[in-house]
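sharing a model that was predicted from the sequence below.
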Amino acid sequence: MSQANRLVLGQIGDYEIRLLKLFKTVVECGGFSAAETELNISRSTISVHMSNLENRLKLKLCRRGRSGFALTDDGAVIYESAKRLFTKLEEFRYTVNELHEQLSGELKIVSSDNIWLENEFSMVDVFARLGEVAPEVNVSVDVAHMSEIERRVLSEDADIGFIHYHRDLEGLDYHHLYQVHCFLYCSDKHPLFNEQDPAVLEQQLTKAKFIHPGIYTNPEASAQVSGLKSAGRAYHYEPRAALILSGHHIGFLPESFAQRWVAKGRMKALLPEQKNHHLSIAAITRSHGRQSRLKELFLQLLTEQAPASQAS
């Protein structure tokens, strides 16, 4: 096509952006039928909007029929370009929110389980302060495995992660908050619960079925696990506690987490003088990338809470 006859797309406005969002949703749903629920409009309406978009762009974007939905080569290019467009629009929205005196937006947190109601560190107080100084902020919290937490923070899918500190990864900053004290527990249903002789206990521990946490967090913890008979893995505390309470397994738990069952006589620590270790809890953030005032505020609130908890 000559320069004189080449079709030129005019100004892109709200209408075109809405059509491109619909197109992106259709592609990601895999077709018109699957997109009906996501878009909450009928297939015939989707078809009209798609035809309008193709007419606006003067391009054939997809093929639909008995053989199913498929992008054309042009459609694949437009889809990738639309994704970049919406990423830039989101970055613009983020920048505008950052410039407002009143912080707003969403703080995305991903963590290991059982850090939220610890005696050693009051996340309740941290969130109370956040609600006071930034009432317009929304908080989203997910629970994930350690490696998933690191991946999501590195990819900026999460703003802040909370982990048991176990290594330094390039690209992450570590903000150490507090430590938890872990002991080796069994339940009142376990044969070792009533054993009083330390020598017998030490001998029997090597034969007992042990629930491994699935990770080696530090040399101290690794040394405690050495010599125990691994009979399964449970990274999160709650399923680990359930296996211990079954009476068939022993396992390490933070003292603060196990206390509820210890107080009721349903668990006890085995050889607590010998079988114990510490875990360090750290907040992690991405070293590089966009600097968020909201993230910096939350880290400041965490830091303010840390000295009080460590002194207690």
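In hand now; what should we look at?

state the mean pLDDT of the host helix or strand of residue 163.
Here residue 163 sits within strand 160-164, counting by DSSP states H and E. Taken as a whole, strand 160-164 carries a mean pLDDT of 91.

what's in contact with it?
Residues from elsewhere that reach strand 160-164 (Cβ atoms under 8 Å, 6 or more residues apart in numbering): 107-112, 115, 146, 149-150, 152-153, 215, 217, 279-285, 295, 298-299. Bear in mind the C-beta positions are built from the backbone N, C-alpha and C, glycine included.

buried subset of the residues you listed?
The neighbour-count test (16 or more other Cβ atoms under 10 Å) marks 107-112, 115, 146, 149-150, 152-153, 215, 217, 279-285, 295, 298-299 as buried among the contacts of strand 160-164.

ok, back up a step: what's the helix or strand just after the strand holding residue 163 packed up against?
Heading C-terminal from strand 160-164, the first helix or strand you meet, by DSSP H and E, is strand 172-187. With contacts defined as 3 or more Cβ pairs under 8 Å, 6 or more residues apart in numbering; DSSP states H and E, strand 172-187 has these neighbours: helix 146-154, helix 237-245, strand 251-254, helix 255-262, strand 267-269, strand 276-286, helix 293-311.

beta-bridge partners for the nearest residue to residue 224 once chain neighbours are set aside, please?
Nearest residue to residue 224, sequence neighbours excluded (Cβ to Cβ, 6 or more residues apart in numbering): residue 277, at 4.9 Å. Taking DSSP bridges as the rule, residue 277 bridges to residue 182.

OK, contacts around residue 26?
Contacts for residue 26 (Cβ under 8 Å, 6+ apart) come out as 32, 35, 39, 46, 50, 62, 69.

which residues touch the third one?
Taking Cβ under 8 Å, 6+ apart as the criterion, residue 39 is in contact with 22, 25, 26, 46.

and if we set it to 7 Å?
Residue 39 makes contact with 22, 25, 46, according to Cβ atoms under 7 Å, 6 or more residues apart in numbering.

state the helix or strand in which residue 106 lies.
Per DSSP H and E: residue 106 is located in strand 104-111.

just checking: what are the partner strands of that strand?
strand 136-143 (parallel), strand 160-164 (parallel).

now the longest one: buried residues?
Read that as strand 136-143. With burial defined by 16+ other Cβ under 10 Å, the residues of strand 136-143 counted as buried are 137, 143.

related to what we said a few turns ago, please identify the most buried of the helices and strands packed on strand 172-187.
For the helices and strands packed on strand 172-187, the stretch with the most neighbours on average is strand 251-254, a mean of 24; neighbours defined as mean count of other Cβ atoms under 10 Å.

pull the CA atoms of that one into CSV?
Output of strand 251-254 as CSV, limited to C-alpha atoms (Å, rounded to 0.1, in the frame of the first residue of the first chain):
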residue,chain,number,x,y,z
GLY,A,251,7.0,-31.6,65.1
PHE,A,252,8.4,-28.1,65.7
LEU,A,253,6.0,-25.2,66.3
PRO,A,254,6.5,-21.6,67.6
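
quick check: residue 47 vs residue 142, distance?
Using Cβ to Cβ, to the nearest Å, we find residue 47 at a distance of 37 Å from residue 142.

and residue 165, by the same measure?
Residue 165 is 19 Å from residue 142, where distance means Cβ to Cβ.

of the helices and strands packed on strand 172-187, which is nearest residue 124?
For the helices and strands packed on strand 172-187, proximity to residue 124 was assessed by Cβ to Cβ; helix 293-311 is nearest, at 9.8 Å.
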